[in-house]
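> Fold the following and give me the result.
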Amino acid sequence: MFSKCLIFLALFASALSAKANELCEKINRQSVMVSVTEDGGGSGVVVNRGGKSFVLTCGHIFDENALEGVRVVLFDETKLEAEVIFWSGFNDYDMAILLLERAVPDGVVFREKKMSVGDEVYHIGTLHSKHYRNSLSAGLIAYVGRQTYGKVFDQTTVVVFPGSSGGGLFDKRDGKYIGMLTLWTSPNLNMMNPCRRIKKVLDANGFDWFFDETKEVKLPEGE
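Take a look at the predicted model:
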């Protein structure tokens with residue numbers, strides 16, 4: 001009987017490991033490096049709407065006066081031109097939306113529900129430079145509703161370095177996108193913009209279709 005229990009536990013652990021591997025591969029395909037300079041810039045995730053592909057990232061990785069010539073590097077090293085169609089710097093909302101030159105197959109699924117302290121999460125981002133893009137780390141939600149720099153963030157313990165900004169955080173249970181890495185102050189003092197805040201900002205700025213697949217995609221005039 002004891003040996004049968006051991007076999008069952010081994011099979012169960014193997015199944016959990018395979019599921020985790022599959023989940024990590026999925027979120028890796030949804031994650032990108034945003035190339036602003038020769039050596040990088042930041043990170044982001046793909047969002048597919050209306051037959052087009054967009055990238056959601058942080059605004060502070062861009063120079064306000066240099067929003068052109070942006071490239072996005074996919075998980076398989078494919079490089080695509082990207083156009084900034086929404087931008088807000090750190091002192092405002094610190095968000096940006098990029099329109100990719102063509103559609104790509106893998107996009108995130110949003111989770112707007114508030115996370116809880118202790119929830120396990122994954123993060124994929126660029127660590128330091130382009131040589132360490134799409135680096136995976138795991139951590140916890142450490143605090144919900146942390147007030148700092150005049151904003152309200154959720155705090156996380158995932159590994160963060162320069163280049164991680166804009167990278168996605170994903171619910172470890174199902175791989176749904178829960179927010180973007182925004183601020184790194186010191187180890188374990190890493191702040192994310194949760195989906196509930198991102199949605200509120202985008203809805204108020206004419207991008208209500210971004211979170212709602214049933215709505216028609218309406219690009220800014222001239223796009």
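> For the rest of this, base every contact and every neighbour count on C-alpha atoms.
OK.
> Domain-wise, how is this protein divided?
Using automatic domain parsing, the domains assigned to the chain come out as 31-107, 120-198.
> quick one: the shortest one to chain centroid distance?
Read that as domain 31-107. Relative to its chain's centre, domain 31-107 lies at 11 Å (C-alpha atoms, centre = their mean, to the nearest Å).
> I'd like the mean pLDDT over that domain, please.
On average, the pLDDT along domain 31-107 is 90.
> ok, back up a step: out of the domains of the chain, the one nearest N21 is which?
Ranking the domains of the chain by distance to N21, with C-alpha to C-alpha as the measure, places domain 120-198 first at 11.2 Å.
> Pipe the domains of the chain into CSV and attach mean neighbour count and distance to C24 per row.
What follows is those, written out as CSV (neighbours: other C-alpha atoms under 10 Å; distance: least, C-alpha to C-alpha, whole Å):
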stretch, mean neighbour count, distance to C24
domain 31-107, 20, 11
domain 120-198, 21, 8
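> Could I get the contacting residues of the residue nearest to the spatial centre of the chain?
Residue closest to the average C-alpha location in the chain (C-alpha atoms, centre = their mean): G168, at 1.8 Å. G168 makes contacts with S31, S43, G44, V45, H123, I124, G125, Y177, I178, G179, M180, L181, as judged by C-alpha atoms under 8 Å, 6 or more residues apart in numbering.
> re earlier: want to throw the domains of the chain into TSV with distance to K113?
Converted to TSV, the domains of the chain look like this (distance: least, C-alpha to C-alpha, whole Å):
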stretch	distance to K113
domain 31-107	18
domain 120-198	7
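> what's the closest of the ones you listed to L219?
By C-alpha to C-alpha (comparing all of the domains of the chain), the closest turns out to be domain 31-107, at 7.8 Å.
> So for that closest one, first residue to last residue, what's the gap.
One end of domain 31-107 to the other measures 9 Å (C-alpha to C-alpha, to the nearest Å).
> Measure how far the longest strand along the chain is from the centre of its chain, please.
Longest strand in the chain by number of residues (criterion: DSSP state E): strand 135-148. The chain centre lies 13 Å from the centre of strand 135-148; the measure is C-alpha atoms, centre = their mean.
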